[in-house]
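[1] Kindly generate the corresponding structure for this input.
(one chain, ligands or ions: 2)
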Amino acid sequence: MNNAPQSLRRHIAIFGRRNVGKSSLLNALTGQQVAIVSPEAGTTTDPVNRAMEILPLGPCLLIDTAGFDDEGNIGELRNERTHRVLDQADLALLVMDQAQDLSLEKEWLNELRRLEIPTVAVINKTDSICDIESVVGQIYNALSVTPIKVSAKNHSGINDLREALAQAAGNDEGGSLTAGLAKPGDIVMLVMPQDPQAPKGRLILPQVQTIRDLLDKHCTVVSCDVDSLEKSLDALHEPPALIITDSQVFAQVYEKKPEQSLLTSFSVLMAGTKGNIDVLIEGAKAIDRLTPQSRVLISEACTHAPMSEDIGREKIPRMIRKKFGNSITFDIHAGKDYPDDLQQYDLIVHCGACMFNRRLMLSRIRRAQEQGVAITNYGIAIAHLQGILDKVSIP
Ligand SMILES: Nc1nc2c(ncn2[C@@H]2O[C@H](COP(=O)(O)OP(=O)(O)OP(=O)(O)O)[C@@H](O)[C@H]2O)c(=O)[nH]1
Ligand SMILES: [Mg+2]
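    Ligands and ions are numbered 1, 2, ... in the order given. The predicted model follows:
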């Protein structure tokens with residue numbers, strides 16, 4: 001079984017008009033009948049995700065969508081949903097089954113190019129097209145792309161499609177989480193408070209990913225909680241090159257850390273690989289411009305049931321209110337829910353986004369920038385509020 005977390009899978013979205021065979025193509029790529037297929041236009045109504053391994057691409061998440069030519073009121077809503085998939089698409093398949101009217105395809109291709117989403121054009125149903133080369137020529141003339149010829153029905157061209165996807169994806173492996181902060185042979189200390197918010201019996205994804213990244217670099221990884229930090233430091237024959245901690249205990253760890261050890265947090269590391277960290281650091285400055293009338297959006301990727309002392313719902317609002325006024329309004333949006341109108345906010349504080357792929361976090365940052373709203377993340381906001389942001393090492 002392949003358990004790669006969804007956030008680390010390459011997200012491949014399948015776009016096209018109704019009935020061109022998008023769902024059939026998803027089934028052909030997965031080799032399973034996972035999506036409903038029918039001759040009726042408008043069979044797929046909501047985006048459908050399917051995790052799978054596509055060689056030579058590795059772990060992927062295929063996203064089937066409703067046809068982008070849907071009509072009527074409900075059709076409009078479906079189109080909106082389909083459009084939203086653009087926010088998380090690392091790669092796109094643009095599926096066609098004819099070359100008569102390609103106006104919508106042209107619009108979509110332009111949008112995909114604007115968003116810099118590598119796209120593979122596909123002509124499906126080649127089993128029932130008489131003069132396929134003429135159709136390919138017409139598509140090239142209209143869209144300046146040469147489509148991959150496939151038949152989802154008899155599985156022809158599916159391997160070519162896999163290879164085209166791998167080529168379009170390029171070598172975008174994503175960098176090391178700790179980047180230049182840790183080098184091979186370093187001792188790295190992880191200070192991980194296991195408070196009531198910590199899940200029972202396991203570590204959270206950013207911690208697991210960090211340990212894996214450090215092991216790949218042949219570092220010595222030592223872990224402890226805040227209470228045993230001093231004792232653990234004493235046990236080492238030299239100070240750790242780097243200490244990584246939970247941003248909530250930044251200040252405590254900073255006080256106790258050896259001078260020569262760098263300090264950073266899991267959420268700062270996540271921001272380094274997930275988003276544009278410079279924008280998030282700049283965004284933290286907007287905290288100082290908040291007034292008692294300000295409105296702040298807390299945006300969280302997880303939809304877990306909120307617990308007491310929740311970092312986004314309680315701790316950060318409390319820290320901000322204490323400094324800038326009790327009447328500051330905080331709106332909480334969780335999961336895929338992210339408001340269209342961001343201008344009503346003076347600041348967005350986003351979680352580390354370990355559950356999102358990089359593309360989705362970058363889309364959210366881009367939307368905030370387009371609307372001129374400052375955006376930062378939990379870890380960077382906390383470090384700023386504690387006055388130690390300049391002491392935190394940025395990957
Ligand atoms: N001949 C032929 N028919 C195909 C092929 N692929 C799909 N079809 C048929 O085309 C019809 C639509 O297929 P779907 O996979 O449901 O198309 P879709 O694009 O997902 O359609 P919506 O969900 O309605 O947007 C079905 O009747 C399929 O059997 C193919 O390669 N050849
Ligand atoms: Mg479908």
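
[2] in this structure, which spans are helices?
    Taking DSSP state H to define them, one finds helices in the chain at 22-30, 72-84, 103-114, 132-143, 158-169, 205-216, 229-235, 250-256, 266-274, 277-284, 316-324, 358-370, 378-385.

[3] Dump these into a markdown table; add mean pLDDT as well.
    Formatted as a markdown table, the helices of the chain follow (pLDDT from 0 to 100):
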| stretch | mean pLDDT |
| --- | --- |
| helix 22-30 | 94 |
| helix 72-84 | 86 |
| helix 103-114 | 95 |
| helix 132-143 | 96 |
| helix 158-169 | 92 |
| helix 205-216 | 92 |
| helix 229-235 | 96 |
| helix 250-256 | 92 |
| helix 266-274 | 85 |
| helix 277-284 | 93 |
| helix 316-324 | 94 |
| helix 358-370 | 92 |
| helix 378-385 | 91 |
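
[4] can you tell which of those helices is closest to ligand 1?
    In terms of CB to the nearest ligand atom, the element of these nearest to ligand 1 is helix 22-30, at 3.3 Å. The C-beta positions use only the backbone N, C-alpha and C, and glycine is treated the same way.

[5] What residues sit buried inside the closest one?
    Of the residues in helix 22-30, 22-30 count as buried by neighbour count, 16 or more other CB atoms under 10 Å.

[6] That one and ligand 1, any residue contact?
    Yes. Helix 22-30 comes into contact with ligand 1 (CB under 6 Å from any ligand atom), by way of 22-24.

[7] What lies in contact with stretch 131-145?
    Stretch 131-145 is contacted by residues 94, 96, 98-99, 102, 105-106, 109, 119, 121, 123, 126, 129, 146-147, 149 when judged by CB atoms under 8 Å, 6 or more residues apart in numbering.

[8] got the buried residues for it?
    Neighbour-count burial for stretch 131-145, counted by 16+ other CB under 10 Å, picks out 135-136, 138-139, 142-143, 145.

[9] what does the stretch 1-150 of the chain put close to ligand 1?
    16, 18-24, 37-39, 41-44, 66-67, 124-125, 127-128.

[10] cutoff 5 Å now
    18-24, 37, 39, 41-44, 67, 125, 127-128 (CB under 5 Å from any ligand atom).

[11] among these, which ones are buried?
    If you count burial by 16+ other CB under 10 Å, the buried members of those come out as 18-24, 37, 42-44, 67, 125.

[12] Check the contacts of stretch 131-145 for burial and list the buried ones.
    For the contacts of stretch 131-145, buried by 16+ other CB under 10 Å: 94, 96, 99, 102, 105, 109, 119, 121, 123, 126, 129, 147, 149.

[13] Quick one: residues contacting the third one.
    With contact taken as CB under 8 Å, 6+ apart, residue 99 is in contact with 123, 135, 138-139, 142.

[14] Reformat the residues you listed as JSON lines; add distance to residue 389.
    Shown next, in JSON lines, are the contacts of residue 99 (distance: CB to CB, whole Å):
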{"residue": "123", "distance to residue 389": "52"}
{"residue": "135", "distance to residue 389": "57"}
{"residue": "138", "distance to residue 389": "56"}
{"residue": "139", "distance to residue 389": "52"}
{"residue": "142", "distance to residue 389": "51"}
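
[15] Let me know the closest of these to residue 355.
    The closest of the contacts of residue 99 to residue 355 turns out to be residue 123 (CB to CB; 35.5 Å).

[16] Surely the closest one and residue 97 touch.
    Yes. Residue 123 lies in contact with residue 97 (CB atoms under 8 Å); the separation is 7.1 Å.

[17] Could you name every residue contacting both of these two?
    With CB under 8 Å, 6+ apart, residue 123 and residue 97 have no common neighbours.

[18] Quick one: closest of the helices of the chain to residue 179.
    Closest of those to residue 179 is helix 266-274, at 6.3 Å (criterion: CB to CB).
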